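Enquirer: any chance you could fold what I've pasted below:
(2 chains)
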There are 2 protein chains.
Amino acid sequence: MPPSPALTAPTQFLEAGGIRFAYRRFGTPAATPLVFTQHFMGNLDNFDPAIADALAPGREIILFDNAGVGRSTGTAPDTIDGMAADAVRFIDGLGLTAIDLLGHSMGGETAQLITLNRPELVRRLVLVGTGPRGGFSIARQPATTAPLFGKRDELGDDMWLPILFTPSKESQAAGRAFVARIQARTEDRDTPVSAETIAAYRAAANGWGSAPPDDFAYLSHIAQPTLVVNGSNDVVIPTINSYHLYQHLPQAELWLLPDSGHGAHFQYPALFARQVAGFLDR
Amino acid sequence: MPPSPALTAPTQFLEAGGIRFAYRRFGTPAATPLVFTQHFMGNLDNFDPAIADALAPGREIILFDNAGVGRSTGTAPDTIDGMAADAVRFIDGLGLTAIDLLGHSMGGETAQLITLNRPELVRRLVLVGTGPRGGFSIARQPATTAPLFGKRDELGDDMWLPILFTPSKESQAAGRAFVARIQARTEDRDTPVSAETIAAYRAAANGWGSAPPDDFAYLSHIAQPTLVVNGSNDVVIPTINSYHLYQHLPQAELWLLPDSGHGAHFQYPALFARQVAGFLDR
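Expert: This is a model prediction of the structure:
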């Protein structure tokens, strides 16, 4: 097995805007660095090491805890706007002036606003398992979804199996492999997301999904080439939201995977990394 | 410029089921051969040479005129079922027992039925700019689309510019490059599709689009891995039909391209060929 920078990169810390951000940075300083923004209830250990390792030979990978998450200090805001502002503090604090950005779920909402607010900073955008503001994404969730996020104490990381994967045998097997990957780091692990941050983020998700409809007009101002990715049956931010993103972003392509859910990229990590590398290096 | 087998492969003829089929066959006999099924009003010269040439090093490419089209004899049927039956006569006539199949538009409808009726024959399926049976695809066309197909005498191959490409400057420029490619063969060109065949095919398209809705249940019986491709604004078989195909095929992935229309693959031929090769060779 080749060495895994994702599993061994030390956690570093950066002071910016009064916040001490925890982050990991590895890979090859060559092309534009790729910054990942994380999903609800995820910390540094929830970024899939298989994806980061597959992309790292072609670029630097930067994973971080946003304010109030994991080992980062500060208070988690209860709006996506607030998360985007904190993320920009971190990116500016690193001195980066051009990045590619890959956001999953709530991290994809944050990534949209980072790009909208700081267009000169973002070169290319990858949005995974996410949706537009005002897409009624939360309202459209099956009623069975919300309770799944309350099972962390009971199930640990197995909580993610019905959230990120479909019920099929193949998808669940891929899910168990994913869970093993996010548990593989043995030292310097991150701190679980706190109850306070979970509550603030829940409010942010509801605010995003129920924002007044504007026919997704804000998306017309995100001119960056964007790759939108999802699974066929996303029970968190239903798959049709990815289609809406694609239809309203001026330079988007859409790639949807078979028999997969909110964590389609975790189900097909090698395939996903190849598609993303092809998109970023085009 | 490297030699182009697509532009120089001689037209061959095969007798099968009482029909003399015109076809061209080239490439590397290595992996499963890739058979293309053609769109409405297209003959052998309307297959994009750039796509065929890009895929030919990895497999054999087989382009053919279905019954009643171009230099093939026989009567064009007025149903997609009839076209699929004729296509199977041709494929069986070649002695092929396993193929990959790539169908565009009406050719994608034919490809669905070939796969449904002869599942053991088709290994992998690529459906471009097409839709499901009963998708009301024709009914959903903008009113401006149908008259565009009546301009062949007036416009020649430029007829395709508003049908296959978007109004943007970039898409139209790509369209003109495509028109130059399909005109580049100087010898052994095919015969234009006849008025009789156009009339029969028009009836077939209407029958397909207005078939009684069955919630696309037939698609659940197409188990082959399938790549569904389209542009963002298909005015012939509106893009949402590609999403429906993807959602109802059990093993499909969906890839939709930016600022493009019914001929998205003709707009991005190199990118399309790479994606298709990656899918077929996976």
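
Enquirer: measure A:Trp255 to B:Val228 for me?
Expert: As for A:Trp255, its distance to B:Val228 is 11 Å (criterion: C-beta to C-beta, to the nearest Å). In short, each C-beta sits where N, CA and C put it, glycine included.

Enquirer: show me where pLDDT drops low in chain A?
Expert: Residue ranges of chain A with pLDDT under 70: A:1-2, A:136-139.

Enquirer: chain B contacts on that one?
Expert: A:225, A:232, A:239-240, A:243, A:246-247, A:250-259, A:271, A:274, A:278, A:282 (C-beta under 8 Å from any C-beta of the partner chain).

Enquirer: ok, 6 Å please
Expert: Counting by C-beta under 6 Å from any C-beta of the partner chain, the residues of chain A close to chain B are A:Tyr243, A:Tyr246, A:Gln251, A:Ala252, A:Glu253, A:Leu254, A:Trp255, A:Leu256, A:Leu257, A:Pro258.

Enquirer: next secondary structure after the longest strand that chain A contains?
Expert: Of all the segments assigned as strand in chain A under DSSP state E, the longest by residue count is strand A:19-27. Helices and strands here follow DSSP states H and E; after strand A:19-27, the next one along the chain is strand A:34-37.

Enquirer: which outside residues touch that following strand?
Expert: A:47, A:59, A:61-63, A:99-103, A:107, A:110-111 (C-beta atoms under 6 Å, 6 or more residues apart in numbering or on different chains).

Enquirer: mind checking which of the residues of chain A next to chain B are in helices?
Expert: Per DSSP state H, helices hold the following members of those: A:Tyr243, A:Tyr246.

Enquirer: just grab the bridge partners of the spatially most central residue of chain A for me.
Expert: The centroid of chain A falls nearest to A:His104 when counting by C-alpha atoms, centre = their mean (2.5 Å). Beta-bridge partners for A:His104, by DSSP bridges, are A:Val128.

Enquirer: ok, now which ones touch it?
Expert: Applying C-beta under 6 Å, 6+ apart, we find A:His104 in contact with A:His39, A:Val128, A:Gly129.

Enquirer: what of A:Met41?
Expert: With contact set as C-beta under 6 Å, 6+ apart, A:Met41 has these partners: A:Val193.

Enquirer: need phi/psi at it.
Expert: Backbone torsions of A:Met41, given as degrees, to the nearest 10, read phi 70, psi 10.

Enquirer: A:Ala173: neighbouring residues, count only.
Expert: 12 (other C-beta atoms under 10 Å in any protein chain shown).

Enquirer: check which helix or strand covers it.
Expert: Per DSSP H and E: helix A:169-182 holds A:Ala173.

Enquirer: what helices or strands is that helix leaning on?
Expert: Contacting helix A:169-182 under the criterion 3 or more C-beta pairs under 6 Å, 6 or more residues apart in numbering or on different chains; DSSP states H and E are the following elements: helix A:264-267.

Enquirer: re earlier: next one: the helix holding A:Ala173 to chain centre, how far?
Expert: Relative to its chain's centre, helix A:169-182 lies at 18 Å (C-alpha atoms, centre = their mean, to the nearest Å).

Enquirer: and the next helix or strand past that helix?
Expert: Using DSSP H and E, the next helix or strand after helix A:169-182 towards the C-terminus is helix A:195-209.

Enquirer: tell me which residues of stretch A:68-86 are tucked away?
Expert: For stretch A:68-86, a neighbour-count test (16 or more other C-beta atoms under 10 Å in any protein chain shown) marks A:68-72, A:74, A:76-78, A:80-86 as buried.

Enquirer: Provide the strand pairings for the longest strand of chain A, with the direction of each partner.
Expert: Partner strands for strand A:19-27, per DSSP bridges, with pairing direction: strand A:12-16 (antiparallel), strand A:60-64 (antiparallel).

Enquirer: return the most buried member of those.
Expert: Among those, strand A:60-64 has the highest mean neighbour count (mean count of other C-beta atoms under 10 Å in any protein chain shown), at a mean of 24.

Enquirer: just the C-alphas of stretch A:146-164, formatted as PDB.
Expert: Coordinates of each C-alpha in stretch A:146-164 appear next as PDB, following Å, rounded to 0.1, in the frame of the first residue of the first chain:
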ATOM      1  CA  ALA A 146     -33.500  14.200   9.700                       C
ATOM      2  CA  PRO A 147     -33.600  11.600  12.500                       C
ATOM      3  CA  LEU A 148     -30.600   9.800  11.000                       C
ATOM      4  CA  PHE A 149     -28.400  12.700  12.000                       C
ATOM      5  CA  GLY A 150     -29.300  12.200  15.700                       C
ATOM      6  CA  LYS A 151     -27.700   8.700  15.900                       C
ATOM      7  CA  ARG A 152     -24.100   9.600  16.400                       C
ATOM      8  CA  ASP A 153     -24.000   8.500  20.100                       C
ATOM      9  CA  GLU A 154     -25.700   5.300  19.200                       C
ATOM     10  CA  LEU A 155     -23.900   4.300  16.000                       C
ATOM     11  CA  GLY A 156     -20.700   6.300  15.700                       C
ATOM     12  CA  ASP A 157     -19.500   6.600  12.100                       C
ATOM     13  CA  ASP A 158     -22.000   3.900  11.000                       C
ATOM     14  CA  MET A 159     -24.500   6.800  11.300                       C
ATOM     15  CA  TRP A 160     -23.300   7.800   7.900                       C
ATOM     16  CA  LEU A 161     -24.300   4.600   6.100                       C
ATOM     17  CA  PRO A 162     -28.000   5.400   5.500                       C
ATOM     18  CA  ILE A 163     -27.200   9.100   5.100                       C
ATOM     19  CA  LEU A 164     -24.500   8.900   2.400                       C
END
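
Enquirer: understood, closing this out.
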